[in-house]
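Asks: What follows is a predicted protein model with its sequence.
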Amino acid sequence: MAQVESTNLIAAAEQSDPGLFTTIVSFFQDGGAFMYPIMIVFIFGLAIAVERFIFLNLMKAKNQSAWKKLLPILNQGNFRQAMEVASSSKSAVGRILAYGLSKVGKGRRHDDLEMAMEEGLMEILPRLEKRTPYLATFANIATLLGLLGTILGLIKAFTAVANVDPAEKANILSASISIAMNTTAFGLMAAIPLLLAFTFLQTKTTEIVDSIEMASVKFVNLIRDARPSESAKTPASKPKA
């Protein structure tokens, strides 16, 4: 009995109030054919935003974990073990430090060390920025599709009322214009979240790049501090007679 009464209450509520879903469906249907490509663009952009958000969060977590493992080893001056840990790491920090550590034991200058790490950063940067610029492009496309749909709807509306009784022309024209504006509204509704996602992901990418560069600078400073101590331990050669 309780289930039947709850079902009747839900049905009565749906009959008295069309609900948000019905309003959205009606809004979508009144917008015309251009609503569908805008929806497709929005879905593609949303999928890219979710994928990039997950990827960047995983990349940030891996970088932090790798740096916590490598920093104590580097402070101890155990570069061989640090090389093993960095080479086995799948993080961006691990790969870049592996580039630098590969030059440490070869007596290279600090400039060569920094160049090697910059080379590693240039390889990783495209992976961090991959597909993110598409969000701004999709936002622009959604806006332009909305405007195009509205313009074509207005042309159709003015053409339809050309041979209509002047007394009814205003009512028909206002109704047609309100329907034509649906595509512009929907285009903006799709573009605004995509632009916000683009800005958020760009900021997150910049933070990751800055953290990698900070780790690289700390690594180079550790190498500079370690080399003078190593050279001080080396006995000076006797001058020839």
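Replies: That came in fine, so what should we check first?
Asks: Going by C-alpha atoms from here, please, whenever you check contacts or count neighbours.
Replies: Will do.
Asks: Assign Lys90 to helix, strand or coil.
Replies: Three-state assignment for Lys90 (DSSP: H, G, I helix; E, B strand; the rest coil): coil.
Asks: Report the spatially closest residue to it, excluding sequence-adjacent ones.
Replies: Leaving aside its sequence neighbours, Lys90 sits nearest to Lys62 (CA to CA, 6 or more residues apart in numbering; 7.6 Å).
Asks: Tell me, how many residues neighbour the one you found?
Replies: 18 (other CA atoms under 10 Å).
Asks: Run through the residues that contact it.
Replies: Residues near Lys62 by CA atoms under 8 Å, 6 or more residues apart in numbering: Lys90, Ser91, Ala92.
Asks: If you tally nearby residues, what's the number for the last one?
Replies: For Ala92, the tally of surrounding residues (other CA under 10 Å) stands at 26.
Asks: Against Ala180, how distant is Pro37?
Replies: Distance, Pro37 to Ala180, by CA to CA, to the nearest Å: 15 Å.
Asks: which one of the two has more residues nearby?
Replies: More neighbours surround Ala180 than the other of Pro37 and Ala180, with 26 against 15 (other CA under 10 Å).
Asks: Could you list the low-confidence segments of this structure?
Replies: Within the chain, the stretches with pLDDT under 70 are 1-21, 24, 104-112, 167, 226-241.
Asks: Where is the longest helix in the protein?
Replies: Looking across the chain with DSSP state H, the single longest helix is helix 166-233.
Asks: so the residue nearest to Lys90 is in which element?
Replies: Take DSSP states H and E as the rule and Lys62 turns out to sit in helix 35-75.
Asks: Tell me how far the residue nearest to Lys90 lies from Ile208.
Replies: 11 Å.
Asks: next one: Val41
Replies: 28 Å.
Asks: Next: Tyr99.
Replies: Tyr99 sits 18 Å away from Ile208, going by CA to CA.
Asks: Same check on Lys156?
Replies: Lys156 is 50 Å from Ile208, by CA to CA.
Asks: Neighbour count for those two, which is higher?
Replies: Neighbour count, other CA under 10 Å: between Lys156 and Ile208, Ile208 has more, with 22 against 14.
Asks: Pretty sure the more buried one sits against Lys60.
Replies: Yes - contact criterion CA atoms under 8 Å: Ile208 and Lys60 qualify, at 6.4 Å.
Asks: Overlap of the contact sets of the two?
Replies: With CA under 8 Å, 6+ apart, Ile208 and Lys60 have no common neighbours.
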